[in-house]
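Engineer: mind folding the following:
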Amino acid sequence: MDYSHFKSGSDIRGIALGDENDKLYMSDEMIMRSVSAFYDFMVNKCGKTKFRVAVGHDSRLSAGRIKADAVRVMLSYGCDVIDCGLCTTPAMFMTTVTAGCDCSVQITASHHPKDRNGLKFFTREGGLDGGDIASILKNASEKSVFLGDKEGIYSEINYLSEYAGILRKMIIDGVGKGERPLEGLKIIVDAGNGVGGFYATDVLAPLGADIEGSLYLEPDGSFPNHAPNPENAEAMKCITDATISSGADFGVIFDTDVDRAACVGKGGFSINRNRLVALASKVALDSCPGGTIVTDSVTSDGLAQFIKNNGGVHLRFKRGYRNVINKQIELCEAGVECPLAMETSGHAAFRENYFLDDGAYLITKLIIEAAALSKEGRSLEDLIAGLPEPVEEKELRFKILTDDFRPEGEKIISLFTSEAENHGGWTAAPDNYEGIRINCEDGKGWFLLRLSVHDPIIVLNCESDEEGGVLKICRQVYDTIIKADNIEKIDIGALTEFIK
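Structural biologist: Numbers count the residues shown, from 1 in each chain. This is a model prediction of the structure:
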């Protein structure tokens, strides 16, 4: 059997509810083989055969079945299993820091639809890389035996409660106003029926914050209200409207497993994507002057200017949270001060926090900053008042209509790379590590064509500093892409519709 198609970046993901004959269905055997292969990975890494393993999950309906499989495998190898129950993904890593665990298994599919689920693995060094996942899935495919004959010790803990205590202490220490430092602040949370409701009830409320008006705090894996995704327009509108209607000083939204977040200022000022990266960069650079901020490839030119204006160095790297984090670690190991790596999707990893992308940690940092600013009659929005923002922006996605999609996508990228050398008014960006990013004189902006990290999709991101500029740029993209020899294998319907 071949499980390679379950690889999704640095995670294992598939369908966990529905058609059991689907190629992507995560059967009990597939799950147990994968967890067994992770056990082998740990044996090879650590040189021992017995581990203390934490297992947790987000609010998905399939979590119970998958957790039972994971626990069964680890117990069969004689491992001591700590069942953390409902838990955030970052908290599951933290079990290796504060709970004495050698490794952990988190059951989550982030913001993906309710029928999806997945496995994410952590060691004491952090999350696994894509290459590690590929090796684990290869081993899982080839295993003849995936259960041991030993019997480990099983126990349960409410680790999320312990993790909430860590965040509360962080706020108390950072704000410095006694045991209720958030008294007088109204902060609401939209958890999207994921795991993030604990942040309102177990972190903010005990510290004195007024959380009335918070939304969808109860875990519900059917996600009945909106997609638990800070990048989703409906979700952002929901928390924005709630912040305005409740008169909150600050609104917070998490994805399902709380490794990503976004926020809203008083009056409904949305702080996500480039604005959120700018705000996190400002906070990071205040404690690390001259530091390097690593971001993904789709960040704006305005953000690069903002980081430079605040004394930082901007490195625009590849899309994918593990890519930006690994680059951050590489730079730090080389002696470069790199306090933050962040994707526009909301993954933010601070060096001080074990290079861990943690939405709750990010929001905690911002709340501490907001509390300090409120004493001066200022707000978080003031910190990014100097961020240049584009007049227009657009993202379009083109599906690649073949199973062997990567070569077809790379042909399109190569076409534009060649075209950039001869196309009047086009200049290929020199500081680009992914796809092709081209600055356009006609349209006063830029576009980036790249292959999706996970899916058979070419993504077009475009920004312009003039009204109608995005349309001008997209027409230029269309005029070039239709020249491709393999254009029949690319669905450019979204582009065709947009330029009409």
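Engineer: could you use CA atoms for every contact and neighbour count after this?
Structural biologist: Noted.
Engineer: per-residue pLDDT, residue 455?
Structural biologist: Per-residue pLDDT puts residue 455 at 84.
Engineer: ditto for residue 441
Structural biologist: Each residue has a pLDDT score; the one for residue 441 is 96.
Engineer: residue contacts, it?
Structural biologist: 425-426 (C-alpha atoms under 8 Å, 6 or more residues apart in numbering).
Engineer: distance of it from residue 383?
Structural biologist: Noted for residue 441: a distance of 31 Å to residue 383, by C-alpha to C-alpha, to the nearest Å.
Engineer: and what of residue 46?
Structural biologist: 45 Å.
Engineer: and the two? Which one has more around it.
Structural biologist: Between residue 46 and residue 383, counted using other C-alpha atoms under 10 Å, residue 383 has the larger neighbour count: 16 against 12.
Engineer: and the residue nearest to the more buried one when sequence neighbours are not counted, how many neighbours?
Structural biologist: For residue 383, ignoring the flanking residues on the chain, the nearest one in space by C-alpha to C-alpha, 6 or more residues apart in numbering is residue 279 at 6.7 Å. Neighbours of residue 279 under the rule other C-alpha under 10 Å: 23.
Engineer: one more: residue 240?
Structural biologist: The number of residues packed around residue 240, counting by other C-alpha under 10 Å, is 26.
Engineer: which of the three states applies to it?
Structural biologist: helix (DSSP: H, G, I helix; E, B strand; the rest coil).
Engineer: what residue of this protein is the furthest out?
Structural biologist: No residue in the chain sits farther from the centre than residue 149, which is 37.6 Å out by C-alpha atoms, centre = their mean.
Engineer: wait, doesn't it sit right on residue 77?
Structural biologist: Yes - look at residue 149 against residue 77 with C-alpha atoms under 8 Å: they come within range, at 6.6 Å.
Engineer: hang on, the earlier thing: contacts only, for the residue nearest to residue 383.
Structural biologist: 380, 383-384.
Engineer: please flag which of the residues you listed sit within helices.
Structural biologist: Judged by DSSP state H, the contacts of residue 279 include 380, 383 as members of helices.
Engineer: pop the domain breakdown of the chain in here.
Structural biologist: 4-157, 160-269+359-384, 272-357, 392-499 (automatic domain parsing).
Engineer: count of neighbours near residue 385?
Structural biologist: Residue 385 has 11 neighbouring residues, counting by other C-alpha under 10 Å.
Engineer: relative to residue 320, how far out is it?
Structural biologist: Distance from residue 385 to residue 320, by C-alpha to C-alpha: 28 Å.
Engineer: just how off-centre is the stretch of helix or strand residue 286 belongs to within its chain?
Structural biologist: If you go by DSSP states H and E, residue 286 is part of helix 273-287. Remark: helix 273-287 is offset 16 Å from the chain centroid, using C-alpha atoms, centre = their mean, to the nearest Å.
Engineer: stretch 223-232 now?
Structural biologist: In terms of C-alpha atoms, centre = their mean, the centre of stretch 223-232 is found 14 Å from the chain centre.
Engineer: tell me the buried residues in it?
Structural biologist: The neighbour-count check on stretch 223-232 (16 or more other C-alpha atoms under 10 Å) flags 223, 226-231 as buried.
Engineer: next: stretch 383-401.
Structural biologist: So for stretch 383-401, counting by 16+ other C-alpha under 10 Å, buried means 383-384, 387-390, 392-393, 396-400.
Engineer: then stretch 258-273?
Structural biologist: Those would be 258-268, 270-273, for stretch 258-273 by 16+ other C-alpha under 10 Å.
Engineer: measure that stretch end to end?
Structural biologist: 16 Å.
Engineer: could you do stretch 54-61 as well?
Structural biologist: The straight-line separation of the ends of stretch 54-61 (C-alpha to C-alpha) is 20 Å.
Engineer: adjust the sequence numbering to begin at 19 for everything that follows.
Structural biologist: Noted, 19 is the first residue going forward, which turns the last one into stretch 72-79.
Engineer: got a list of contacts for that stretch?
Structural biologist: Identification of contacts with stretch 72-79 by C-alpha under 8 Å, 6+ apart yields 81, 85, 88-89, 99-107, 110, 113, 119, 121-126, 132, 135, 211-213, 237-240, 274-275.
Engineer: among the residues you listed, which are in strands?
Structural biologist: 99-104, 121-125, 135 (DSSP state E).
Engineer: per-residue confidence for residue 116?
Structural biologist: Reading off the model, residue 116 has pLDDT 97.
Engineer: over to residue 194?
Structural biologist: Confidence score, pLDDT, at residue 194: 89.
Engineer: what about it, neighbour count?
Structural biologist: Around residue 194 there are 14 other residues, counting by other C-alpha under 10 Å.
Engineer: again, but for residue 174
Structural biologist: Using other C-alpha under 10 Å, the number of residues around residue 174 comes to 12.
Engineer: which residue, other than its chain neighbours, is closest to it?
Structural biologist: residue 101 (4.6 Å).
Engineer: please apply the same query to residue 175.
Structural biologist: residue 102 (5.3 Å).
Engineer: ok, residue 113 next?
Structural biologist: Sequence neighbours aside, residue 119 is the residue nearest to residue 113 in space, at 5.8 Å (criterion: C-alpha to C-alpha, 6+ apart).
Engineer: do you know how far residue 20 is from residue 56?
Structural biologist: From residue 20 to residue 56 the distance is 16 Å (C-alpha to C-alpha).
Engineer: these two: which is more packed in?
Structural biologist: Neighbours were counted for residue 20 and for residue 56 using other C-alpha under 10 Å; residue 56 has more, 24 against 11.
Engineer: so what's the more buried one closest to, chain neighbours aside?
Structural biologist: residue 154 is the one closest to residue 56 (C-alpha to C-alpha, 6+ apart), at 6.1 Å.
Engineer: tell me, how many residues neighbour the one you found?
Structural biologist: Neighbours around residue 154, by other C-alpha under 10 Å: 24.
Engineer: helix or strand for it, which one?
Structural biologist: If you go by DSSP H and E, residue 154 is part of helix 148-160.
Engineer: also residue 56?
Structural biologist: Here residue 56, judged by DSSP H and E, is contained in helix 46-64.
Engineer: packing partners for that helix?
Structural biologist: With contacts taken as 3 or more C-alpha pairs under 8 Å, 6 or more residues apart in numbering; DSSP states H and E, helix 46-64 sits against helix 81-94, helix 148-160.
Engineer: redo the ones you listed as JSON lines? Include mean pLDDT and distance to residue 34.
Structural biologist: Shown next, in JSON lines, are these (pLDDT from 0 to 100; distance: least, C-alpha to C-alpha, whole Å):
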{"stretch": "helix 81-94", "mean pLDDT": "98", "distance to residue 34": "9"}
{"stretch": "helix 148-160", "mean pLDDT": "97", "distance to residue 34": "17"}
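Engineer: relative to residue 197, which of those is closest?
Structural biologist: Among the helices and strands packed on helix 46-64, the nearest to residue 197 by C-alpha to C-alpha is helix 81-94 (35.8 Å).
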